[in-house]
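Colleague: mind looking at a prediction? Sequence and model below.
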Amino acid sequence: MSEEKPFPSRKSYRPGLVFQPSAHQHIGRGIEKLVAAVRPTLGPTPRTVAVSHLDNDKKTPDVLDNGGIIARRVIELSERDEDIGAMLARALICRQHETMGDGSATAAVLLGALYAGGVHYLAAGGNAMRLRHYLERALALALEGLNGQTTRVEGKEALAQVAESICHDRPLARLLGEIFDIIGAYGQLDIRKAHSRELSREYIEGMFWNSGLFSRDMIENRWELQTVYEEPAIVIADFQVNDPRHIMPMLEIAVEEKIEKLLLIAGELSADAIAGLMLANGKLKNFRVMAVRGPGANPDDRQAAIADLAVLTGATPLLKDAGHRLKDIERANFGGARRAWASPHNFGIIAGKGDPRQLRQHVSNLQMQYQRTEDADYRDKVRARIGKLMGGSATLWIGGLSDTEIDRRKALAEATAGAMRAAVKDGVLPGGGMALLNCRSALETKLNGGADADERAAYRILYDALAEPARAIYENAGYEPGEIFARLAHADAGSAFDVINGQLTSERNQLDSAVCQASALRNAVLTAGMALTIDVLVRHKTPDIARSPG
Amino acid sequence: MCQASYSLKFDDPADTVYALAASPGGVCFAACGSGLYRSLDGGLSWELLRISQEQLTTAVAVSPDFASDRSVFAAVKGGILRSSDGGDTWFTAAFPAPPPVFSSLVASPEFERDGVLLAGTLEDGVFSSEDRGVHWQPWNFGLFDLHVLCLALSPNWGADETILAGADTGLYRSGNGGRAWRVADFPAELAPVLCLAVFGAGARGGMMLLAGTEDNGLLASQDEGRNWRRLAADSIDSAVNQLQVVEGAAGRGALFALVDGTVLRSLDGGRNWEIALRADGAASAMLVRDDVILMGVQGQGILRKPIDS
C-alpha cells in the first residue's frame, strides 16, 4: 500500500474527468486500501488496527479490531479518485456493521476479491453490464448453498460459541450465550455500564415500562421507593383526566366489585384528579389506588403501548379517538394482573390476566410486522414490544478497568447482541469461512457450462472470491492458506480447520450467524457489480469531506 | 381376578386426591384436600402427616433417589414444603404474594446431581428450584399462558434439559431446563392439555409425547411435538386426567391413562386399551407402581388393586 498523507491540501485537487482504464484502477486501489485496513480483523485471531484521532493526533490512537468501526473512522483518502472506491467499500462495510452487527470484514474481503477479479476480466474485453447480471445470478446459487448449510442453534453452549466467534471475548460471549438462550430472538436485553470491573447479568420478571407514578404521594414503600399491589384491577385511558368528578364512576365500580387495589394508567392527570385519588386512598376502607403515566414518547408509541397493555391485562382501554370518557367507564373496561408495581420512573406488570390466546396472536402479529418492515427504527420498536410481552427482560452490566474499556466493551456487546438475535432467529452456519467455501460446490457446474464467456467468468470470479474470507482467516492466524486448502481438499466432508488449535476438526467449534453471512455476501456482490459498471469518474474542484455512509 | 378395595377412606365427601407419588422402595404419598398422607407399605395403609397449617395439599413429588436422600416435596397453597427424612419433619419455602396454587410438582431425573425441582401453578406459570427446594424463582420467559396444568420432563433430561408444560391454551416447551419457553406445535383448538407423558428419548430425537386433553382425548407425537395424531379415538373420548408410563421387562413398557373414573392400560404403545381399574366415582389421580394400581376417587378415598398379569 502506498504511503498516505493524512490531510492533503485541497488546493491540489483539479476538476476533470477520469476515463478507463484509469477509472477502474483508481477505484480498485481505493477498495483495496480499505479492504486491507479491515482484513486483519477477520477471524477468531484478529489483529488490530491503530486509528489516530481526528481532532487530536497527539492523543493515544484507538486500537481497534472491529472492521465496521475501523471503516467508519476512515474519513477519506488523499487521492481523490481512489477515495471514490474507498468510500464505496466504506459504505458497504458500515452498512453491514450497522444493520447486522457482524460480517463487515467478510463483506470487505469478498468485495475486494470480486472487484479485483471483475476488473481483471473487463481488462481482457469482458462486458461490465453482462458480468454484473451474471454475478447476481451466481449470487442466488451461492445463497442457496448457504441456506442448505443453515442449522438452528439452541442451548447456551452453542450460543456462546456463536457469540465468541463474533466478539472474540470469551467472558462476554458466555454471558450472551446464556442470555439469548433465555430471552430468544425477540427478548428484551438492556446493556448498561456497571460501576465494577466485572460483567454481570440479571433477569427481571414480568414486563415494565419507562413511565412512572403521577405523584410521589402514591409511593407506599418509602425504602424501595415503589408501590406493589397484589391482584390489582387495571384501568387504561389514553387521555388527560382533568375533572376529579370523572374518576368517581371508576371508584364506585371498584367499591361495588370489592376491588381492593387499582392501577390507573392514564395519559395525564390534573392535580385535582390526583388529589381525588389520594382522597379515595384515605377515605375508602380496604382500597388503594395508584396512577401512572401511560408509556410512550409520541402518539404512535403511546398507541402501541396501550394495545400491548390491553392484551396483557385483559382491560378494554378508554380511547380519546373513540370518544370515550372516564366517567363512562364500565366493568368491562377493567383488566387485572397478579401483581403490579410502580415507582416514580417505571411501572411493571407481572402475570397479566389477559386471554393467553389473544396474547399469543398479538405477539404473532407483531412478529409478522417485524419480518415485513424495512424500517430499522420501526423494527427495533416492534422487537422491543415483543420482548416486553415475552414475560421478562434481561440486563447485561458491563464493567471494566476504565471508562474507555467499558465503552468499548459495551459497543462490542451491543453489536454482538444484534448479530446474536439474527443467529437465534435465522440459524447459524459453519464459521471460519467454511460456509462460504462450501458454497463453491453449488457453482461448480456453471464454471464450464455457462452460456457465454461473461457468464463463465462471473461464476469463476465468485467461485474464487468465496475462498477469500477463509484465506484471510488463515493468514491472520499465521498459517499458509495454500497448505490448509490442500489439507481440506483431502479431508472428510464437514471438516474445518480450527485456527485456534491448528488442526483439522469435524466438530463445529465456530459458528456464524446465517443471516449475517448471507447479507455480507449479497451486499458484497451487489456493490462489486455496481462498482464494475462505473466507467467514468467526475472530479470536482473542492470535494466534500466524506459523509456518513448511505 | 384380584379385587379392588379402598385402602384410605375419606370422612369428607368433598375431599379429593390431587396427586399420588411413590418411591421405588414402596413408600407412597397422597396429596389430598385433607392433607398429605403417607403409606409405608405400598398403599395398603395410610397415615395423615401434619406438615403445615394449610391442609390442602395439591401436589407431591418424591426424589428419584429417595432410598438414599429420603427427600419428598409437597405443595400447599402459597408454598412448597420439603422433607429430607421421608416425611417426618418438614421445612417451608416461601413464595411471593399473592400465594400461588400449585398444579404439579416434578423432580429432575438427575435430582441427585442437579437438585432441580419444577412446580407448575394455576396463575403464576412455572417456578423452579436448583437447590433441592430451598429457594424458588419464577421462570416464565415466553410462557404466554401462566395457567399451567401439568409438567413433564424428558427422560433424557441430563442431556437435553427438555421440559413440557401443558396449559389452558396449549403446550409449551423448554430446552433449557425451564429457564425459557417456546410455544410448541400443538393444535390450540385441542387444548387444554391436562396431562403429559414423555418416553423413549434417545440421544438424538426419538422422543414420543403423549398429551391428555379435556375434550379431545389422547394425542400422540412421535417427532418431538411437531405433529400430533389422535390415539384410540373410539375408546378414549373424554377427559384424560393422568398418564403414566411403566417400564416393563425387556423394554416392553405399559401405558396407563386415567380417563373418566377408569384406569386404562395399553401394552402396544397406545393403539389398544383395556380397563385396568374402574371406580364408582370421579377419579382425580392414579399411580401405578410395581404390581399395584392406586386411584384417588373423589369423596371416597384411595382405591387399591393389584394389577392382573
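Modeller: Okay, I see it. Numbers count the residues shown, from 1 in each chain, chains lettered A, B, ... in the order given.
Colleague: which residue is nearest the middle of the chain?
Modeller: No chain was given, so I picked chain A. In chain A, the centroid-proximal residue (C-alpha atoms, centre = their mean) is residue A:418; its distance is 3.2 Å.
Colleague: that answer is for a different chain, and I need it for chain B
Modeller: residue B:104 (6.3 Å).
Colleague: so the closest residue in space to that one that isn't next to it in sequence bridges to which residues?
Modeller: Excluding its sequence neighbours, the residue lying closest to residue B:104 (C-beta to C-beta, 6 or more residues apart in numbering or on different chains) is residue B:120, at 4.1 Å. Quick note: C-beta positions are derived from backbone N, CA and C, even for glycine. Judged by DSSP bridges, the bridge partners of residue B:120 are residue B:104, residue B:126.
Colleague: coming back round to it: can I get the host helix or strand of the residue nearest to the centre of chain A as PDB, trimmed to CA atoms?
Modeller: Secondary structure from DSSP states H and E places residue A:418 in helix A:403-426. In PDB, the C-alpha atoms belonging to helix A:403-426 read as follows (Å, rounded to 0.1, in the frame of the first residue of the first chain):
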ATOM      1  CA  ASP A 403     -14.300   4.100  31.100                       C
ATOM      2  CA  THR A 404     -12.700   3.600  27.700                       C
ATOM      3  CA  GLU A 405     -12.700  -0.200  28.200                       C
ATOM      4  CA  ILE A 406     -16.300  -0.200  29.400                       C
ATOM      5  CA  ASP A 407     -17.400   1.900  26.400                       C
ATOM      6  CA  ARG A 408     -15.500  -0.300  24.000                       C
ATOM      7  CA  ARG A 409     -16.900  -3.500  25.500                       C
ATOM      8  CA  LYS A 410     -20.500  -2.000  25.700                       C
ATOM      9  CA  ALA A 411     -20.300  -1.200  22.000                       C
ATOM     10  CA  LEU A 412     -19.000  -4.700  21.300                       C
ATOM     11  CA  ALA A 413     -21.700  -6.200  23.400                       C
ATOM     12  CA  GLU A 414     -24.400  -4.200  21.500                       C
ATOM     13  CA  ALA A 415     -23.100  -5.200  18.100                       C
ATOM     14  CA  THR A 416     -22.800  -8.900  19.200                       C
ATOM     15  CA  ALA A 417     -26.300  -8.900  20.600                       C
ATOM     16  CA  GLY A 418     -27.600  -7.700  17.300                       C
ATOM     17  CA  ALA A 419     -25.900 -10.500  15.500                       C
ATOM     18  CA  MET A 420     -27.000 -13.000  18.100                       C
ATOM     19  CA  ARG A 421     -30.600 -12.100  17.600                       C
ATOM     20  CA  ALA A 422     -30.200 -12.800  13.900                       C
ATOM     21  CA  ALA A 423     -28.400 -16.100  14.700                       C
ATOM     22  CA  VAL A 424     -31.200 -17.200  17.100                       C
ATOM     23  CA  LYS A 425     -33.900 -16.200  14.700                       C
ATOM     24  CA  ASP A 426     -32.400 -17.400  11.400                       C
END
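Colleague: that one and chain B in contact?
Modeller: No - figure legend: helix A:403-426 not in contact with chain B (C-beta under 8 Å from any C-beta of the partner chain); closest approach 10.8 Å.
Colleague: can you pull the pLDDT of the residue of the stretch 51-200 of chain A at minimum distance from chain B?
Modeller: At 4.3 Å from chain B, residue A:182 is the closest residue in the stretch 51-200 of chain A, using C-beta to the nearest C-beta. Note on residue A:182: pLDDT of 90.
Colleague: kindly report the same for residue A:2.
Modeller: For residue A:2, the pLDDT comes out at 46.
Colleague: kindly report the same for residue A:352.
Modeller: At residue A:352, pLDDT is 94.
Colleague: identify the bridge partners of it.
Modeller: Assessed by DSSP bridges, residue A:352 has beta-bridge partners residue A:337.
Colleague: does it touch residue A:358 like I think?
Modeller: No - using C-beta atoms under 8 Å, residue A:352 is not in contact with residue A:358; the gap is 10.9 Å.
Colleague: neighbour count winner among the two?
Modeller: When residue A:352 and residue A:358 are compared for neighbours, residue A:352 comes out ahead with 28 against 15, by other C-beta atoms under 10 Å in any protein chain shown.
Colleague: next one: residue A:38 from chain B, what distance?
Modeller: From residue A:38 over to chain B the distance is 35 Å, taken as C-beta to the nearest C-beta, to the nearest Å.
Colleague: for that residue, which three-state class applies?
Modeller: helix (DSSP: H, G, I helix; E, B strand; the rest coil).
Colleague: secondary structure element holding whichever residue of the stretch 1-150 of chain B sits closest to chain A?
Modeller: With C-beta to the nearest C-beta, the shortest gap between the stretch 1-150 of chain B and chain A falls at residue B:145, namely 3.6 Å. Secondary structure assignment for residue B:145, by DSSP H and E: no helix or strand.
Colleague: and for it, the neighbour number?
Modeller: 25.
Colleague: so how far is the helix or strand hosting residue A:208 off the chain centroid?
Modeller: Residue A:208 is part of strand A:207-209, with elements assigned from DSSP H and E. Chain-centre distance of strand A:207-209: 21 Å, with C-alpha atoms, centre = their mean, to the nearest Å.
Colleague: partner strands of it, with direction?
Modeller: Checking strand A:207-209 against DSSP bridges gives partners strand A:347-352 (antiparallel).
Colleague: and the partner strand, how far out from the chain middle?
Modeller: 27 Å.
Colleague: ok, the residue nearest to the centre of chain B to residue B:261 distance?
Modeller: Here the criterion is C-beta to C-beta, to the nearest Å. By it, residue B:104 lies 21 Å from residue B:261.
Colleague: can you read off the pLDDT for residue A:287?
Modeller: On the pLDDT scale, residue A:287 is placed at 94.
Colleague: phi, psi of it?
Modeller: phi -140, psi 130 (degrees, to the nearest 10).
Colleague: ditto for residue B:282
Modeller: Dihedral angles for residue B:282 - degrees, to the nearest 10 - are phi -80, psi 130.
Colleague: pLDDT score assigned to it?
Modeller: On the pLDDT scale, residue B:282 gets 89.
Colleague: check the one 10 residues further on too.
Modeller: In this prediction, residue B:292 carries a pLDDT score of 90.
Colleague: that one: how many residues sit nearby?
Modeller: 19.
Colleague: against chain A, how distant is it?
Modeller: Applying C-beta to the nearest C-beta to residue B:292 and chain A gives a distance of 38 Å.
Colleague: where does the chain have low pLDDT?
Modeller: Using chain A. A:1-14, A:508, A:541-550 (pLDDT under 70).
Colleague: look at chain B instead
Modeller: B:1-2, B:201-206, B:248-252, B:308-309.
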